[in-house]
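Chemist: Sequence and predicted structure are below.
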There are 2 protein chains.
Amino acid sequence: MARGRPRKFDADEALNGAMVLFWQKGLSATSLDDLAQAMNMNRPSIYNAFGNKDDIYRQALARFCGQLDQGVAETLEAMPQVRDGLRAFFDRAIEVYCGTQPALGCLMVCTAPSEAFSHPEVGQDLRDLIQRLDQSFSKRLQRAQAEGELAREVDAKLTASLLQATLQTIALRARTGTSRQSLKKIAGYAIESLLR
Amino acid sequence: MARGRPRKFDADEALNGAMVLFWQKGLSATSLDDLAQAMNMNRPSIYNAFGNKDDIYRQALARFCGQLDQGVAETLEAMPQVRDGLRAFFDRAIEVYCGTQPALGCLMVCTAPSEAFSHPEVGQDLRDLIQRLDQSFSKRLQRAQAEGELAREVDAKLTASLLQATLQTIALRARTGTSRQSLKKIAGYAIESLLR
DNA sequence: TGATTTATGTACCGTATCGCATATAATTAA
DNA sequence: TTAATTATATGCGATACGGTACATAAATCA
């Protein structure tokens, strides 16, 4: 098996290169030449393996979201106490959002909205991610209520939306150069005041 | 006075047309031909009156921010009770963010971040707006505390950041088609739980 | 070994892009 | 009426763009 000439590139590595480039410049401002360089492939090979530019962008989005889901599972859902889980989740997000020079924030929050008008599928991807994150937060808050860790008066769904709002403002602020320390303060105060 | 051939276009109207177009498609995805049509001008006249594409975009941003500042002054700062002022402010923002079909959200939040990497001046514009809005919220909260309308335990600066987070999530969600009603619930719950 | 399959790399096509050069039109000052 | 000024309008020129055709290379199967 594995007929034909073997691939020169590593698909996972190439997609990661594309993701980083889109993370910096967004979809429209990124050219196929840029991509070819970042993915270490020629344009025809890219087209053959990943489809056109829009396709690659959405695969990069999916990759990014996958890492985010992993973060949710390993912090928010894994830790026994809600507040600890939330703090760990935000800490990890801040580390990703501020991990490059300059800081890039969140690929989804910072680049997808501007494409949503011209590329409805991207808008749908964004909508799906927001809903999924709302769900993750909400489920975790409900569990905390069931375990007696969180007051029943807290509206789980709306609080979930505001926790996501906190994540989004952290993404946007990170992209404008706000320090990790300031961002952690915001996250900490959100947990403190929203989970009362 | 007023020598030379008179202008055919209305500068304010033209800039407004440019703003709407950028609001839809962002900076990179908008061409000068698109702009010429939306502004009802030919490219050389645009160039003569407003400069290059980046210049026009930043002027459109400034125009949008001006309207936002006006909203702050007429709601948040004008109304005697903080909570009423905040509610009115969010209501007005929601009306703007959802006022078109499809809804476009906020020009700054939804299109500027993706350009910030390649256009540092745009990143600076975004940073400035965020800081100014933090300030506006914070000042208003402090005034409410001085007037005995808001508990002293509330951290004005951090609460201001979370109110802005609420505004930003409303902008993003509006752009993905979330209803006015849902957005108003989020705004209402933010006021209720953050101003406790 | 020869046929088949899959990927690579060069080179190209048609189009869209930004910015400007040049000519023309419309107004005021002298 | 003439010169000066300012804007418009046509159109060009060089480049960049996305996407693909075509020939070549490298592997497996028979």
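Modeler: Thanks, I have it. Residues are numbered from 1 along each chain as shown, chains lettered A, B, ... in the order given.
Chemist: how far does the host helix or strand of A:V122 sit from the chain's center?
Modeler: Taking DSSP states H and E as the criterion, A:V122 maps to helix A:120-146. Here the centre of helix A:120-146 is set off from its chain's centre by 12 Å, with C-alpha atoms, centre = their mean, to the nearest Å.
Chemist: what's the answer for stretch A:19-38, then?
Modeler: On C-alpha atoms, centre = their mean, the centre of stretch A:19-38 falls 17 Å from the chain's centre.
Chemist: can you tell me if that stretch touches DNA strand C.
Modeler: No: using C-beta under 7 Å from any atom of the strand, stretch A:19-38 never reaches DNA strand C; the gap is at least 8.6 Å. All C-beta spots, glycine's among them, are computed from the backbone N, C-alpha and C.
Chemist: for the helix holding A:V122, packing partners?
Modeler: Contact here means 3 or more C-beta pairs under 8 Å, 6 or more residues apart in numbering or on different chains; DSSP states H and E; on that basis helix A:120-146 packs against helix A:53-71, helix A:82-97, helix A:107-116, helix A:156-175, helix B:156-175.
Chemist: just the ones you listed: most buried one?
Modeler: helix A:107-116 (a mean of 28; mean count of other C-beta atoms under 10 Å in any protein chain shown).
Chemist: how about it as PDB, C-alpha atoms only?
Modeler: The C-alpha trace of helix A:107-116 is given here as PDB (Å, rounded to 0.1, in the frame of the first residue of the first chain):
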ATOM      1  CA  LEU A 107      -7.500  33.200  15.700                       C
ATOM      2  CA  MET A 108     -11.200  32.800  15.800                       C
ATOM      3  CA  VAL A 109     -12.200  36.000  17.700                       C
ATOM      4  CA  CYS A 110      -9.600  38.200  16.000                       C
ATOM      5  CA  THR A 111      -9.800  37.200  12.300                       C
ATOM      6  CA  ALA A 112     -13.000  35.300  11.600                       C
ATOM      7  CA  PRO A 113     -15.500  38.000  12.300                       C
ATOM      8  CA  SER A 114     -14.100  40.300   9.500                       C
ATOM      9  CA  GLU A 115     -14.600  37.400   7.000                       C
ATOM     10  CA  ALA A 116     -18.000  36.400   8.100                       C
END
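Chemist: Quickly find the element holding whatever residue of chain A ends up closest to DNA strand C.
Modeler: Closest to DNA strand C within chain A is A:G4: 1.9 Å, counting by C-beta to the nearest atom of the strand. Taking DSSP H and E as the definition, one finds A:G4 inside no helix or strand.
Chemist: Leaving out the residues flanking it, which one is nearest to A:N16?
Modeler: Spatial nearest neighbour of A:N16, excluding adjacent residues (C-beta to C-beta, 6 or more residues apart in numbering or on different chains): A:R63 at 7.2 Å.
Chemist: The strand or helix carrying A:N48: which residues count as buried?
Modeler: In the assignment (DSSP H and E), A:N48 maps to helix A:43-50. Neighbour counts using 16 or more other C-beta atoms under 10 Å in any protein chain shown place A:45-46, A:50 of helix A:43-50 among the buried residues.
Chemist: How far does that helix sit from its chain's centre?
Modeler: 25 Å.
Chemist: ok, is that helix in contact with DNA strand D or not?
Modeler: Yes: judged by C-beta under 7 Å from any atom of the strand, helix A:43-50 and DNA strand D are in contact via A:43-44, A:47.
Chemist: Can you tell me which of the residues you listed is closest to chain B?
Modeler: Checking the residues of helix A:43-50 next to DNA strand D against chain B by C-beta to the nearest C-beta gives A:R43 as the nearest, at 19.7 Å.
Chemist: got a list of what that closest one touches?
Modeler: The contact partners of A:R43, by C-beta atoms under 8 Å, 6 or more residues apart in numbering or on different chains, come to A:32-33, A:35-36.
Chemist: what's the most distant pair in the residues you listed?
Modeler: Using C-beta to C-beta, the pair of these lying farthest apart is A:D33 and A:L35, separated by 7.2 Å.
Chemist: Name the residue in these two with the higher neighbour count.
Modeler: Ranked by neighbour count (other C-beta atoms under 10 Å in any protein chain shown), A:D33 and A:L35 place A:L35 first, with 22 against 9.
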